[in-house]
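**Q** From the sequence below, what's the structure:
(chains A and B)
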Amino acid sequence: MSTDTTNPFNDATEQIERKRQIGRLFVAICFASTLVGIVALVALIADVLYESWGWVTWEFLTYPPSQVIDNYLPGGRGAGIYPAIVGSIFLIALTAIFTIFLGVGAAVYLEEYAPETRLKSFIEANIANLAGVPSIVYGLLGLAIFVRAFQLGSSLIAGALTLTLLILPIVIVSTQEALRAVPDSQRQAAYGVGATQWQVTRDVVLPRALPGIMTGTILSLSRAIGETAPILMVGAATSMFIAPDSLTSPFSAMPMMIFEWATLPQPGFQHVAAAGIVVLLTILLLMNAVAIFIRNRYDPRS
Amino acid sequence: MSVDTPSEITSAGSNIANRKNAAVRYVFFSCALVTILTTLGIILVLVQGSIEFFTEVSIIDYFTGTNWSPVIRPRSYGVLPLIWGTLLITVGSALIAIPVGTATAIYLSEYASPRVRKTIKPTLEILAGVPTIVYGFFALSFITPLLQRLPYIPDVGTFNAAAGAIVVGIMIIPMVSSLSEDAMSAVPDDLRNAAYGLGATKFEVSTSVVVPSAFSGIIASYILALSRAIGETMAVTLAAGMAPQITMNPFEPIQTMTAYMVQIGISDVSVGSIGYQSLFAVGLTLFAMTLSMNLFSLWIKSRYREEYQ
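**A** Numbers count the residues shown, from 1 in each chain, chains lettered A, B, ... in the order given. Okay, the predicted model is just below:
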């Protein structure tokens, strides 16, 4: 910095120019960082599509798995992910029934019934903490309680109950938000014409909050369908050749099959794993699309 | 328990409606009770299993031993190699997710147009919605081969800690970026305008006004993301392997606490055996770590929260 210059403003101009450069560099770094996440997402999807190219066939969707790679190839005997697709769908359907009942019940209690006491804030803090418990710990809970203590064995219902407890905190929180969005004036109007609290909840609050509840629940279920660790601890099988047919059947699920295929050392199975991922991601995408459709079409908040 | 509803008015209605009203209340309350029972169940199951485990293995050997060999004789139950593996993954993923996530949050909150923000934020959140098993596959089929092709890095194993840390880092970017962005967007514009009025540049406003003002929310997002990395299971099992060891070389295979639980979960370990009981001891260690981090994050948020009108 020269002080012997004739123009006293030169200093300031230089400083401003340097600050501009720092600013431009900073924006460039921040923008590049934003791209890191986007690029990683694109790479992940491209990698899965590339590895699975040509392996997602009709046979793959309709046949049981096989240890022999040739069976997955076109012209082979046919092998695929069928029992795991059925297993996953049953698992999620059961989980949906339990979660909607428990999740909506708990959220209605907290939002509509519970007085503002210590108990309520304790329950809410507890829910926030449960949401941060690793999913594999829920697997241990399911193993010790549902599989062993309740003697349900490594069954479909034990898996569904475990997944229910896993996603319950998320469903409760999203349902609470949907209930909170119902204007209080509507409740007061119903009370004004003599409705009981239950009638207000059943006939005014729940119908109005239903789209929001559905959206949150479907999004949580789409998380449950991709979970591997909890059902692995509960004892989901990797070599199921028939689809489950009752609540107490042993079962497989799509993420379990993908894990099995990804760990097989024989060459070629990474393509089978990738094909399984394509099926799983497609179902996930469909569930998310339904949730977004319901939100945009019916939710008064949007 | 009293409710703030006009019960004097409703009592004028039919008796049946009132009785139903009272009964339904208990049904809803028991649904909420399930969440408390879940927490109690987790603690009970983990503690009971751990007590059985520690009757056979000394608790001091468990926490100070540097050799984890639960299956192969001579058996040894020092948990430090598993904790080391978990730390390696957590620190490695933090090195990726914290700078990238914070810079992304600054870009989205301070520089991006509302339209760009509305597109990029949900796109990044897809990263958090991808099942973790897919990240494990991504590590095996893309990241590790990429590392193996890099110059100057000799002997990258098929399973290695670096690939695990990278995919977990990618997975938790949106936790850091979205939660930090929420905190930065909550900083009122008055503060920014005051700084501009004093002649600050946009860079100075971002780094000296917005980030310090949103600091508690940003730190809370870091801790939540790290706690997620500690509990991450399938991606690290597939990517980083099943070799419990204390190593400084991130290109060697390791085993995390969660990966050990998977290893026991897929093997036929009989109930009541020491291998089965060790699941609960490791599970309790993991649970204690994530719980304390989650509580710490909540505490920071409430303790240092800046309230803006």
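
**Q** Verify the assumption that A:Phe251 is located in a strand.
**A** No - counting by DSSP: H, G, I helix; E, B strand; the rest coil, A:Phe251 falls outside a strand, being coil.

**Q** Next up, phi/psi of it, please.
**A** In terms of degrees, to the nearest 10, the main-chain angles of A:Phe251 are phi -150, psi 160.

**Q** quick one: the helices in the stretch 51-200 of chain B?
**A** Along the stretch 51-200 of chain B, counting by DSSP state H, counting those that start in this stretch, helices occupy B:59-64, B:80-106, B:114-129, B:132-138, B:144-149, B:161-185, B:189-197.

**Q** okay, the ones you listed in a markdown table with mean neighbour count and mean pLDDT next?
**A** For glycine as for every other residue, the C-beta is placed from the backbone atoms N, C-alpha and C. Formatted as a markdown table, those follow (neighbours: other Cβ atoms under 10 Å in any protein chain shown; pLDDT from 0 to 100):
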| stretch | mean neighbour count | mean pLDDT |
| --- | --- | --- |
| helix B:59-64 | 13 | 92 |
| helix B:80-106 | 23 | 96 |
| helix B:114-129 | 15 | 92 |
| helix B:132-138 | 28 | 96 |
| helix B:144-149 | 15 | 92 |
| helix B:161-185 | 26 | 95 |
| helix B:189-197 | 13 | 94 |
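
**Q** pLDDT below threshold where in chain A?
**A** Along chain A, the model assigns pLDDT under 70 to residues A:1-6, A:8, A:299-302.

**Q** What residue spans form the domains of the chain?
**A** No chain in the question, so chain A it is. A:1-52, A:82-298 (automatic domain parsing).

**Q** wrong one, chain B
**A** In terms of domains, chain B is parsed into B:7-47, B:76-303 (source: automatic domain parsing).

**Q** Just give me how far the shortest one sits from the chain centre.
**A** Averaging C-alpha positions (Cα atoms, centre = their mean, to the nearest Å) puts domain B:7-47 31 Å from its chain's average.

**Q** Could you find the residue nearest the spatial middle of the chain?
**A** Reading this off chain A. A:Arg223 (1.5 Å; Cα atoms, centre = their mean).

**Q** meant chain B actually
**A** Central residue of chain B (Cα atoms, centre = their mean): B:Arg228, at 1.0 Å.

**Q** Show me which residues of the helix or strand encompassing that residue are buried.
**A** Following DSSP states H and E, one finds B:Arg228 within helix B:215-231. By 16 or more other Cβ atoms under 10 Å in any protein chain shown, the buried positions in helix B:215-231 come out as B:216-231.

**Q** cool, and stretch A:108-119?
**A** For stretch A:108-119, a neighbour-count test (16+ other Cβ under 10 Å) marks A:Val108, A:Tyr109, A:Leu110, A:Glu111, A:Glu112, A:Tyr113, A:Ala114 as buried.

**Q** what about stretch A:159-168, distance to the chain center?
**A** Per Cα atoms, centre = their mean, the centroid offset for stretch A:159-168 relative to its chain is 12 Å.

**Q** Does chain B have contacts with it?
**A** Yes - using Cβ under 8 Å from any Cβ of the partner chain, stretch A:159-168 reaches chain B at A:Leu165, A:Leu168.

**Q** what's in contact with that stretch?
**A** The contact list for stretch A:159-168 (Cβ atoms under 8 Å, 6 or more residues apart in numbering or on different chains) reads A:91-92, A:94-95, A:98-99, A:102-103, A:106, A:130, A:135, A:138-139, A:141-142, A:146, A:152, A:220-221, A:223-224, A:227, A:230-231, A:233-234, A:236, A:251, A:253, B:34-35, B:38.

**Q** How about the contacts made by the residue of the stretch 151-300 of chain A found nearest chain B?
**A** In the stretch 151-300 of chain A, the residue that lies nearest chain B is A:Gly226 (2.8 Å; Cβ to the nearest Cβ). By Cβ under 8 Å, 6+ apart, the contact list for A:Gly226 reads A:Pro255, A:Leu280, A:Leu284, B:Val130, B:Pro131, B:Thr132, B:Ile133, B:Val134.

**Q** give the contact list for the third one.
**A** Think A:Leu284. Contacts for A:Leu284 were tallied using Cβ under 8 Å, 6+ apart; they are A:Ser222, A:Ile225, A:Gly226, B:Gly129, B:Pro131.

**Q** make it 10 Å
**A** Neighbour list for A:Leu284: A:Ser222, A:Arg223, A:Ile225, A:Gly226, A:Met254, B:Ile126, B:Gly129, B:Val130, B:Pro131, B:Val134 [criterion: Cβ atoms under 10 Å, 6 or more residues apart in numbering or on different chains].
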